[in-house]
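Chemist: The amino acid sequence is not available; the structure is as follows:
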């Protein structure tokens, strides 16, 4: 492995190889000789992800997409809130209360922001059923609401549950409604990240559990809507949204 070359290799297309090497290292990536370079790769990933999010949002707006809440009222929603100053406080709270956060998740929190692509496309009325990307770690769009209070409630519930049930599994930090709730249908538990986790890339638990970067690449290959979308019109819309997005 060539720690000093990770960032250059990532930028020149060896992304899968670099992530593979990171995953083989496990929590050793936190060693001082490795952590700084790994963090620089995660920050580059986050900048590319932010570019993709901003491009998808612009394309959806140009197509007349209406971003709204996942309820019957369908109140308008700002789809992207760039990372703001409270992201630092959220990051510190997570580290203190829950434990280590994967470097990719921390980079997203600090450099990307909150994303909410739930809404309705004028040529695709059921677009909210295609599991649109939602990622809310800072809670920027909510007024009179503290996302750390939300996380603390989920953490407390899990601690109580896990103390009584050895099958409870790891804590999952809730960062998005599941695909059914996005479509305003009663569904399962929220999507989120298994924590604590000292590795580079976190495990994102959605319909399936997978590394966060793998999940994001899957989402961006489908233009932000990774769920099933039968029909030629839906396929064309997804293709138009996914065109020239950056692989992570």
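Modeler: Done, it's in. These numbers were taken from a predicted model, which means no experiment stands behind them.

Chemist: For residue 145, pull up the helix or strand it's in.
Modeler: Using DSSP states H and E, residue 145 maps to neither a helix nor a strand.

Chemist: Can you check what pLDDT the model gives it?
Modeler: Residue 145 carries a pLDDT score of 84 in this model.

Chemist: Could you find the closest non-adjacent residue to it?
Modeler: residue 139 (6.5 Å; CB to CB, 6 or more residues apart in numbering). C-beta coordinates here come from the backbone N, C-alpha and C atoms, glycine included.

Chemist: who's in contact with the one you found?
Modeler: 86, 90, 114, 145, 146, 147, 150 (CB atoms under 8 Å, 6 or more residues apart in numbering).

Chemist: can you list the residues that contact the helix or strand containing residue 213?
Modeler: Assigned by DSSP H and E, residue 213 falls within helix 212-221. Contacts with helix 212-221, where a contact means CB under 8 Å, 6+ apart, come from 19, 45, 49, 52, 56, 102, 104-105, 108, 133, 193, 201-204, 206, 210, 225-226, 242, 245-248.

Chemist: Among the contacts of residue 139, the buried ones, what's the ChimeraX command?
Modeler: Entered in ChimeraX, the line below selects the buried ones among those, by 16 or more other CB atoms under 10 Å:
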select :90,114,147,150
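
Chemist: So which of the contacts of residue 139 belong to helices?
Modeler: Counted as lying in helices by DSSP state H, out of those, are 86, 90, 147, 150.

Chemist: Run through the helices of the protein in chain order.
Modeler: Using DSSP H, helices in the chain cover 6-11, 15-25, 32-62, 86-97, 103-111, 147-164, 179-182, 212-221, 232-242.

Chemist: now the last one: how far from the chain's centre is it?
Modeler: Pointing back at helix 232-242 there. With CA atoms, centre = their mean, to the nearest Å as the basis, helix 232-242 stands 22 Å off its chain's centre.

Chemist: ok, back up a step: specify which member of the contacts of residue 139 is nearest to residue 32.
Modeler: Nearest to residue 32 out of the contacts of residue 139 is residue 90 (CB to CB; 24.6 Å).
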